[in-house]
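quick one, what's the 3D model for this:
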Amino acid sequence: SVPRPGAALTRVVERAFDGAYGRGSETLGVVVVRDGRVIAERYANGFGPFVANRTWSVAKSITGTLVGMSGVDVHRPVDIPEWRSRFGPDPRARITIDQLLRMSSGLHSDTAGNRTDAIYFGGTTVTEQATSWPLSSRPGERFRYANNDILLAARSLRATLGDARYRALPQRLFTTLGMRHTVAQSDWQDNFILSSDVWTTARDLARLGQFWLQDGVWQGRRVLPAGWMRYMTTPAGPQPERSEGYGASIWLFGPAEGLPAGSYSAQGNRGQYVMVVPAHRLVVVRRGEDPTGARFDVARFTAELIAAS
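Numbers count the residues shown, from 1 in each chain. Take a look at the predicted model:
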């Protein structure tokens with residue numbers, strides 16, 4: 001059923017579709033959940049609760065979740081078969097999954113984000129490209145947001161878990177949470193492209209955010225290890241040069257951004273957001289198709305939703 005929010009909440013949600021939170025921004029869908037119940041939901045023309053679109057980098061936070069479900073030790077060196085050499089130890093093999101999730105691998109990035117268009121759009125595989133970058137600084141010393149770090153974390157999962165467990169892992173999460181309209185895309189060598197290529201709906205992302213809010217417990221069953229969400233949402237090591245912090249695959253918000261301490265968000269290109277505000281038991285999903293140069297102010301939007309609800 002479609003929720004009937006109060007007038008104040010309705011106005012805030014409507015403003016998200018009118019460009020009020022970012023000049024030129026284009027909102028496709030909004031879902032607001034409080035205490036596990038949808039209190040507001042709206043979509044642009046042509047979209048709806050069952051229309052999936054690309055998560056972009058929200059998939060990075062999904063990867064962090066899958067790492068937790070896998071049970072691997074994130075503080076041990078990664079398992080990247082392409083870094084095993086008959087010529088001697090590869091210095092990159094000292095990188096840990098923790099450093100990959102925290103964007104502190106020390107691997108070279110030629111552009112911000114380390115553009116991976118050849119993997120996303122050109123038919124190149126994760127194992128062909130993501131494993132080829134050299135070190136440019138000592139692991140753990142520099143924050144550098146990079147798609148390749150997350151792709152390598154997933155590559156390590158495949159090598160450690162084996163193909164069968166690796167292939168089943170995303171669907172295990174989606175099925176458990178009832179994310180029935182979510183699909184993880186892979187390259188032609190069956191590597192999941194988990195830095196970006198997951199397709200899903202706003203409602204499914206709201207389920208994911210609620211799962212995080214519930215500390216990795218779903219319908220009374222613990223799915224993530226106890227303490228994993230604390231791990232994902234705790235900053236450690238080098239941090240980005242912006243007010244938001246970074247945990248293990250997720251962005252961190254608080255009073256500096258006008259939100260309660262302990263807030264956090266999965267974020268993706270073109271305005272994809274899953275904001276979780278534990279202090280208000282709130283999950284906010286915003287799907288967008290923001291053009292280059294436009295930025296949706298998710299912190300201000302969330303703060304006004306809190307005030308209106």
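
show me where the stretch 201-309 of the chain has its helices.
202-213, 228-232, 298-308 (DSSP state H, counting those that start in this stretch).

quick one: which of those helices is nearest residue 159?
Closest of the helices of the stretch 201-309 of the chain to residue 159 is helix 228-232, at 21.2 Å (criterion: C-beta to C-beta). Backbone N, C-alpha and C define where each C-beta goes, glycine included.

show the average pLDDT along that closest one.
In this model, helix 228-232 has a mean pLDDT of 98.

ok, and for that helix, which residues are buried?
228, 229, 231, 232 (16 or more other C-beta atoms under 10 Å).

helices or strands next to the helix or strand bottoming out on mean pLDDT in the chain in the packing?
Ranked by mean pLDDT, DSSP states H and E, the weakest helix or strand in the chain is helix 117-120, scoring a mean of 92. Helix 117-120 sits against helix 126-129, with contacts defined as 3 or more C-beta pairs under 8 Å, 6 or more residues apart in numbering; DSSP states H and E.

buried residues, the helix it packs on. List them.
So for helix 126-129, counting by 16+ other C-beta under 10 Å, buried means 126, 127, 129.

next: stretch 149-164.
So for stretch 149-164, counting by 16+ other C-beta under 10 Å, buried means 149, 150, 151, 152, 153, 154, 155, 156, 157, 158, 160, 161.

check which helices and strands the helix or strand where the fourth one lies sits against.
What that stands for is residue 152. Residue 152 belongs to helix 147-161 when assigned by DSSP states H and E. Applying 3+ C-beta pairs under 8 Å, 6+ apart, one finds that helix 147-161 makes contact with helix 58-70, helix 97-101, helix 126-129, helix 163-177.

what angle separates the longest one from helix 147-161?
The reference is to helix 163-177. Helix 163-177 and helix 147-161 are oriented at 110 degrees to each other (axes from the mean of the first three to the mean of the last three C-alpha atoms, to 10 degrees).

quick check: pLDDT value at residue 2.
63.

which of the buried residues of stretch 149-164 lies closest to residue 249?
residue 150 (6.9 Å).

for that closest one, list the residues it contacts.
59, 60, 63, 100, 101, 194, 195, 249 (C-beta atoms under 8 Å, 6 or more residues apart in numbering).

would you turn these into JSON lines with distance to residue 69 and pLDDT?
Converted to JSON lines, the contacts of residue 150 look like this (distance: C-beta to C-beta, whole Å; pLDDT from 0 to 100):
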{"residue": "59", "distance to residue 69": "15", "pLDDT": "98"}
{"residue": "60", "distance to residue 69": "15", "pLDDT": "98"}
{"residue": "63", "distance to residue 69": "11", "pLDDT": "98"}
{"residue": "100", "distance to residue 69": "16", "pLDDT": "98"}
{"residue": "101", "distance to residue 69": "14", "pLDDT": "98"}
{"residue": "194", "distance to residue 69": "13", "pLDDT": "97"}
{"residue": "195", "distance to residue 69": "18", "pLDDT": "97"}
{"residue": "249", "distance to residue 69": "13", "pLDDT": "98"}
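
output these as JSON lines; include the columns distance to residue 144.
Shown next, in JSON lines, are the contacts of residue 150 (distance: C-beta to C-beta, whole Å):
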{"residue": "59", "distance to residue 144": "18"}
{"residue": "60", "distance to residue 144": "14"}
{"residue": "63", "distance to residue 144": "17"}
{"residue": "100", "distance to residue 144": "11"}
{"residue": "101", "distance to residue 144": "13"}
{"residue": "194", "distance to residue 144": "18"}
{"residue": "195", "distance to residue 144": "14"}
{"residue": "249", "distance to residue 144": "14"}
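
among those residues, which one sits closest to residue 179?
Of the contacts of residue 150, the one sitting nearest to residue 179 (C-beta to C-beta) turns out to be residue 59, at 12.7 Å.

in contact with the closest one: list those residues for me.
Shown in contact with residue 59 (C-beta under 8 Å, 6+ apart): 150, 184, 193, 194, 195, 196, 197, 198, 268.

and if we set it to 10 Å?
Counting by C-beta atoms under 10 Å, 6 or more residues apart in numbering, residue 59 touches 66, 147, 150, 154, 170, 184-185, 192-200, 249, 266, 268, 272.

please indicate which of those residues are buried?
66, 147, 150, 154, 170, 184, 192-198, 200, 249, 266, 268, 272.

same for the host helix or strand of residue 15, what does it pack against?
Residue 15 belongs to helix 7-16 when assigned by DSSP H and E. Contacts defined by 3 or more C-beta pairs under 10 Å, 6 or more residues apart in numbering; DSSP states H and E place helix 7-16 against strand 27-34, strand 37-43, strand 282-288, helix 298-308.

tell me what the last one is packed against?
Other elements packing on helix 298-308 under the criterion 3+ C-beta pairs under 10 Å, 6+ apart are helix 7-16, strand 27-34, strand 37-43, strand 251-253, strand 263-268, strand 272-277, strand 282-288.
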